[in-house]
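Colleague: For reference, the sequence and a predicted model appear below.
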Amino acid sequence: MSFDYIKSITMPLLEGAQMTVLLFIIAIVVSIPLGFLLTLAVRSSFKPLSWFAQGYIYILRGTPLLLQLLFICFGLPMLPVVGEYLVLDRFVAACLGFILNYAAYFAEIFRGGLIAIDKGQYEASQVLGLNKFQTLRKIVLPQMFRIALPAVANESVTLVKDTALLYAVAVPELLHFAQAAVNRDFSIAPFVVAGVIYLIMTLVLTIIFKWLERRFKFE
């Protein structure tokens, strides 16, 4: 196994890693705020909204992400009457599946963060004359974020690894190029290189979240 061979397979794998990173960025940017909105919906005094949010979280967390991706990519177009309007680009469908799935997980993380906040702080905010929005923005959100940050970091690392599921819906990402190289060259080296790329991505992500934890810990 020569250095030239490693170099020749690394470039296509890095091309596939771009798709992996793009999916991660889209999923994390959209699913975190959506997860927080779901948390607020669960805690809503409007019962139908709360029940809907709880049911959504239960279903999305209780079924495999792969099943959800397959349903969105291949199941939705098979629905009667409306199926022809639900044919999505594979990457768009995958993004939708990851966003919907991870929003449910982040919702539970944020719910735990809210529960951990002492009820006395809500009472103190009323004494200070803060309205609900001011209490949420100035008191609740900063504390919830600090409490939830380690769990968000763990879930984000899992998201990086779960992007390999794109392979199952024929989106050309990192694992797709690795498998193609293995089949072509009858060598396990592409799998090793792919593993190293995944490790680098998760390492960078871990460093970023560790920095965020240190920053918000002392604020």
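Modeller: It's in.
Colleague: Going by C-alpha atoms from here, please, whenever you check contacts or count neighbours.
Modeller: Fine.
Colleague: Return the set of buried residues in stretch 169-182.
Modeller: 169, 171-179, 181 (16 or more other C-alpha atoms under 10 Å).
Colleague: Figure out the helix or strand that L22 lives in.
Modeller: Using DSSP states H and E, the element containing L22 is helix 3-42.
Colleague: Buried residues, stretch 90-103. List them.
Modeller: Residues of stretch 90-103 classed as buried: 90-91, 93-103 (neighbour count, 16+ other C-alpha under 10 Å).
Colleague: Quick one: residues in contact with stretch 160-179.
Modeller: Applying C-alpha atoms under 8 Å, 6 or more residues apart in numbering, the contact partners of stretch 160-179 are 12-21, 23-24, 66, 69-70, 73, 90-91, 94, 190-191, 194, 198, 201-202.
Colleague: Need the phi and psi values for the residue lying farthest from the centre of the chain.
Modeller: Distance to the chain centre peaks in the chain at V127, reaching 38.0 Å (criterion: C-alpha atoms, centre = their mean). The phi/psi pair for V127 (degrees, to the nearest 10) reads phi -60, psi -40.
Colleague: and the gap between it and G120?
Modeller: Distance of V127 to G120, given as C-alpha to C-alpha, to the nearest Å: 11 Å.
Colleague: ditto for L205
Modeller: Counting by C-alpha to C-alpha - L205 and G120 are separated by 35 Å.
Colleague: So which of these two has more stuff around it?
Modeller: L205 (17 against 9; other C-alpha atoms under 10 Å).
Colleague: So which of the buried residues of stretch 169-182 is the closest to K47?
Modeller: Distance to K47, by C-alpha to C-alpha, is smallest for V169 among the buried residues of stretch 169-182, at 36.9 Å.
Colleague: Pop out the phi and psi values for that closest one.
Modeller: phi -110, psi 20.
Colleague: Then A116?
Modeller: Main-chain dihedrals, A116, degrees, to the nearest 10: phi -70, psi -10.
Colleague: S44 too?
Modeller: According to degrees, to the nearest 10, S44 has phi -70, psi 150.
Colleague: Spit out the contact partners of it.
Modeller: S50.
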